[in-house]
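A.B. asks: sequence first, then the predicted structure:
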Amino acid sequence: MVSAEVDAILRGLKHGSSDRNVSEAISNARDVFDKLARELGADIASLQKNTRWEVFEIAFYGETNAGKSTIIEMLRIMLDEEGRRSNRQQFKRLQSEFNLTEEGIAAMRDRVEQCKLQADELQAKYDEVLATARQRSEQLRAQIEALGQQVAQIKAAAPFWQRFIYLFKQLPAQKHARALEQAVNDDEVQAAGAAASAKQAYAEAQLHAAAAEDALARSEGQLKQLERHADGEIIGDGRSDNTRITGRYEFTVDGQRFALLDVPGIEGSERQVNDEISHAVEAAHAVFYVTATASAPQKGDDGRMGTLEKIKSHLGAQSEVWTIYNKRATNPAVLAKNVLVSKDEQDSLAALDATMQEALGEHYCGHLAISAHPAFLGVAECLVPGSTKAKSRAKFLDAFPLEALLERSGASAFRTKVASELVSNGEAKIVRSNFNKARQVVVTVDDKLTAMRQETFKPLAKRLHDDALDAEKQVDLAMNALKSRAQAMGEEAVDRFVTSTRERIYAQIEKDIGNDDFKQALERYLREGQENLGKELPKLMQSALEKFQSQIADVIDRFKEHASELLEAYGNIDMGGLGERFELKIKIDNGINIPGLVGAVAGAAMMIWNPAGWALLAVGAVTAIVGLAKAVWGAFSSSYRMSQQRKATNENLGRIEDSLREAVRKGLAAGWPQLEPKVDALKVAVQVPAEQVRQIDTILGSAQKQLKTIIKTIEKTGAK
């Protein structure tokens with residue numbers, strides 16, 4: 001449904017327009033929405049792949065080493081999960097078959113020690129027999145040697161004849177020595193027999209010890225096999241990232257089917273497990289955020305996502321999120337008090353709830369407290385004898401009876417919460433959760449569109465509009481300056497014409513010329529001055545026109561450059577999760593030849609100064625200088641005639657000056673209407689980029705309205 005509606009929005013954006021600006025705005029808006037639609041499509045596909053409808057699934061999500069697996073293992077035992085039950089049966093079979101009880105292993109170890117001790121005793125006895133026989137033999141041989149020396153001395157001291165008799169008769173010492181030699185031989189035979197007997201007994205004792213050691217080794221070897229079926233198989237050993245793949249454990253309790261998901265931790269090498277995390281939370285209909293600290297999750301810094309941002313990103317679409325504070329307890333003393341959570345911890349957990357509520361809104365349900373490690377140890381009957389866990393279990397059960405241990409650790413209440421309250425009305429919760437996820441996917445796109453419009457298109461349109469207004473003001477200022485300069489230059493040209501003509505005719509008057517010559521000279525100077533004025537005005541104005549053209553060209557160039565910088569800064573929009581950026585395709589000229597338009601403005605201005613565009617009044621006849629009487633008097637008085645000629649000059653120049661000034665004003669007034677439409681067209685052109693961006697924003701706003709309609713439809717459908 002969602003994909004079809006989004007496709008319909010895209011199809012609506014494909015309709016073009018005869019207006020080029022609108023058409024380009026539609027194209028830009030379509031590019032923006034098309035990229036977001038691709039992201040939306042990918043999210044919907046992932047949601048469809050991971051959504052579960054048959055079984056209510058609860059994800060245990062959170063920090064690495066927070067105890068997620070410990071809590072799940074505890075529940076697997078308490079709720080008699082099939083896989084855990086099968087492993088426990090195997091454990092007990094192996095334990096019984098190979099006597100792999102703690103007592104049995106201890107008895108075998110005692111047997112080995114006893115056999116080794118007996119063998120050591122027999123070895124010592126054998127060594128003692130040999131040592132005693134060797135000592136007696138050495139003593140007897142020493143006596144024999146002494147007797148031999150005694151016989152030798154006696155024979156050496158005897159006379160010759162006596163020595164001859166000793167050849168046939170033994171001395172007593174010789175008889176004694178011979179008896180001792182026989183005794184040595186008898187002792188050696190007896191000692192050899194005793195030693196052989198002792199050695200045989202020692203060898204047999206060694207065989208018994210080796211057999212006992214083999215039996216112990218076989219039993220200890222079976223302990224490895226036993227360990228694979230022991231309680232706690234999914235619990236990590238303290239190293240990070242023990243869980244890389246989401247574990248799923250299904251239960252049926254009082255007719256309610258549900259599954260627990262053991263999600264990889266979010267604080268380890270998250271890149272290796274990010275897909276697993278995303279798929280697990282997409283599949284889940286409720287989530288437990290597990291933390292080992294009674295404090296609010298922290299925000300990130302230096303561009304890195306903190307725990308809070310990860311929670312909001314991963315769990316924003318969930319309809320039911322709880323926090324589990326898993327209090328660490330390696331010593332029974334932690335559970336000695338009547339309450340598991342202290343007052344300070346309660347205050348910290350209240351702050352945590354507020355932070356989570358702000359991040360997740362109405363879907364956050366609050367916190368639960370548990371101490372999973374001692375609870376797990378309490379219910380874990382199948383532990384490898386002599387293991388650390390087995391020793392820890394004994395320590396806790398020595399301190400508390402099992403029921404008291406489960407009560408104090410919060411395990412009993414948590415079991416009831418999960419198996420009774422949380423999974424009740426599971427079918428309705430599944431529907432609500434899945435529709436909420438679909439809704440959140442669309443809301444995310446809608447939020448990104450809102451962010452784009454608020455952070456990019458609206459401020460960009462305003463800045464382009466403000467810059468265009470500034471450019472318009474500068475063009476108006478340049479136009480007003482041109483008008484002022486033109487009027488001033490016309491006035492100055494007329495002033496120069498009057499001054500030059502007066503100076504020339506005054507110079508002739510000083511020569512004391514006659515009135516006829518004066519009149520001819522004045523008329524000639526006026527005509528020449530008018531011709532020069534007609535030639536001078538365009539030349540004088542050329543610099544002003546060039547300055548005007550340069551000013552408006554600079555204004556437009558600055559506007560275009562700044563607008564291009566704005567478009568580059570605002571146009572490279574981060575598409576948020578797409579791994580790409582969007583480039584606004586707005587051309588500043590937008591089909592209007594602005595350089596040509598600037599030239600047209602200057603061309604229109606040049607028309608003002610074309611003499612054919614305005615006419616100077618004809619000089620006409622020079623006013624008569626004097627009447628008849630004055631003329632007669634002037635004939636006799638040179639000074640009087642010269643004063644009258646000056647007066648006539650001033651009167652004629654004054655009349656002509658007024659006419660020229662009026663002609664200049666009328667010529668300028670006739671020229672401005674030719675120039676102003678060109679300037680107005682230029683001011684319209686600089687507003688086009690802002691208008692295009694406004695149109696893009698309007699089109700995206702229309703698409704947003706349709707997205708909001710989709711959101712409401714999903715909400716209504718999911719609420720049925």
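C.D. replies: Alright, I've got the coordinates. Numbering: from 1, shown residues only.
A.B. asks: centroid-wise, who is the farthest residue in this protein?
C.D. replies: For the chain, the largest distance from the centre (CA atoms, centre = their mean) belongs to Trp161, which lies 125.0 Å off.
A.B. asks: which strand or helix spans that one?
C.D. replies: For Trp161, the host element (DSSP states H and E) is helix 160-165.
A.B. asks: do the same with Ser424
C.D. replies: Counting by DSSP H and E, Ser424 is found in no helix or strand.
A.B. asks: surely it meets Gln256?
C.D. replies: Yes - at 7.0 Å, Ser424 counts as touching Gln256 under the criterion of CB atoms under 8 Å. The way it works is simple: take the backbone N, C-alpha and C, and place the C-beta from them, glycine included.
A.B. asks: more neighbours, those two?
C.D. replies: The neighbour count for Ser424 versus Gln256, taken as other CB atoms under 10 Å, is higher for Gln256 (17 against 12).
A.B. asks: check contacts around that one.
C.D. replies: Listed by CB atoms under 8 Å, 6 or more residues apart in numbering, the contact partners of Gln256 are Phe56, Ala419, Val423, Ser424, Gly426.
A.B. asks: which among the residues you listed count as buried?
C.D. replies: Neighbour counting by 16 or more other CB atoms under 10 Å classes Phe56, Ala419, Val423, Gly426 among those as buried.
A.B. asks: pLDDT-wise, what's the bottom of those?
C.D. replies: Minimum pLDDT for the buried ones among the contacts of Gln256 is recorded at Gly426 (73).
A.B. asks: ok, and the closest non-adjacent residue to it?
C.D. replies: Phe56 (3.8 Å; CB to CB, 6 or more residues apart in numbering).
A.B. asks: how much space is there between that neighbour and Gln174?
C.D. replies: In this view, Phe56 and Gln174 are 110 Å apart by CB to CB, to the nearest Å.
A.B. asks: next: Gly410.
C.D. replies: Distance, Gly410 to Gln174, using CB to CB: 100 Å.
A.B. asks: if you count surrounding residues, which of those two has more?
C.D. replies: A count of neighbours by other CB under 10 Å puts Gly410 above the other of Gly410 and Gln174, at 23 against 17.
A.B. asks: ok, now which ones touch the more buried one?
C.D. replies: With CB under 8 Å, 6+ apart, Gly410 has these contacts: Leu340, Leu368, Ala369, Ile370, Ser371, Ala375.
A.B. asks: how close does it get to Ile72?
C.D. replies: Gly410 sits 15 Å away from Ile72, taking CB to CB as the criterion.
A.B. asks: ditto for Leu171
C.D. replies: Separation of Leu171 from Ile72 (CB to CB): 100 Å.
A.B. asks: looking at those two, which one has more neighbours?
C.D. replies: Applying other CB under 10 Å to Leu171 and Ile72 shows that Ile72 carries more neighbours, namely 25 against 15.
A.B. asks: okay if I get the buried ones among the contacts of Gln256 as CSV plus secondary structure and distance to Ala333?
C.D. replies: As requested, these are exported to CSV (DSSP: H, G, I helix; E, B strand; the rest coil; distance: CB to CB, whole Å):
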residue, secondary structure, distance to Ala333
Phe56, strand, 38
Ala419, helix, 30
Val423, coil, 35
Gly426, helix, 40
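A.B. asks: quick one, helices of the stretch 201-350 of the chain?
C.D. replies: 270-283, 307-315, 343-360 (DSSP state H, counting those that start in this stretch).
A.B. asks: now do the stretch 601-720 of the chain
C.D. replies: Applying DSSP H, counting those that start in this stretch to the stretch 601-720 of the chain gives helices spanning 628-636, 638-719.
A.B. asks: tell me which of those sits nearest to Asp214.
C.D. replies: helix 638-719 (66.2 Å; CB to CB).
A.B. asks: OK, contacts around the nearest residue to Asp231 once chain neighbours are set aside?
C.D. replies: Spatial nearest neighbour of Asp231, chain neighbours left out: Ala380 (3.7 Å); criterion: CB to CB, 6+ apart. Contact analysis of Ala380 by CB under 8 Å, 6+ apart lists Glu73, Ile77, Asp231, Gly232, Lys389, Arg393.
A.B. asks: how does it look with 10 Å?
C.D. replies: Neighbour list for Ala380: Glu73, Met74, Ile77, Arg88, Ala230, Asp231, Gly232, Ile235, Lys389, Ala390, Ser392, Arg393 [criterion: CB atoms under 10 Å, 6 or more residues apart in numbering].
A.B. asks: of all the residues you listed, which two lie farthest apart?
C.D. replies: Maximum distance among the contacts of Ala380 (CB to CB): 18.8 Å, for Arg88 and Ser392.
A.B. asks: if we can go back for a sec, what's the most buried one of the helices of the stretch 201-350 of the chain?
C.D. replies: helix 307-315 (a mean of 19; mean count of other CB atoms under 10 Å).
A.B. asks: tell me what that helix is packed against?
C.D. replies: Secondary-structure packing of helix 307-315 (3 or more CB pairs under 10 Å, 6 or more residues apart in numbering; DSSP states H and E): strand 56-62, helix 270-283, strand 286-291, strand 321-326, helix 343-360.
A.B. asks: Pro401 and Leu383: what is the separation?
C.D. replies: 18 Å.
A.B. asks: ok, now Ile72?
C.D. replies: As defined by CB to CB, Ile72 lies at a distance of 17 Å from Leu383.
A.B. asks: can you check Val112 too?
C.D. replies: Separation of Val112 from Leu383 (CB to CB) stands at 23 Å.
A.B. asks: and Ile105, by the same measure?
C.D. replies: Separation of Ile105 from Leu383 (CB to CB): 13 Å.
A.B. asks: next one: Thr293
C.D. replies: 28 Å.
A.B. asks: then Ile370?
C.D. replies: Ile370 sits 20 Å away from Leu383, going by CB to CB.
A.B. asks: which one of those two is surrounded by more residues?
C.D. replies: A count of neighbours by other CB under 10 Å puts Ile370 above the other of Ile370 and Leu383, at 26 against 22.
A.B. asks: partners of the more buried one in the sheet?
C.D. replies: Here Ile370 sits in beta bridges with Asn326, as judged by DSSP bridges.
A.B. asks: looks like it contacts Ala66 (just checking).
C.D. replies: No - counting by CB atoms under 10 Å, Ile370 does not reach Ala66; the two are 11.4 Å apart.
A.B. asks: what do those two both touch?
C.D. replies: Common contact partners of Ile370 and Ala66 (CB under 10 Å, 6+ apart): Val290, Ile324, Tyr325, Asn326.
A.B. asks: Ala478 - that's part of a strand, no?
C.D. replies: No - counting by DSSP: H, G, I helix; E, B strand; the rest coil, Ala478 is not part of a strand but helix.
A.B. asks: please name the residues that touch it.
C.D. replies: By CB under 10 Å, 6+ apart, the contact list for Ala478 reads Lys547, Phe548, Gln549, Ser550, Gln551, Ile552, Ala553, Asp554, Val555, Val601, Val679.
A.B. asks: can we see that at 8 Å?
C.D. replies: So Ala478 contacts Phe548, Gln551, Ile552, Val555 (CB under 8 Å, 6+ apart).
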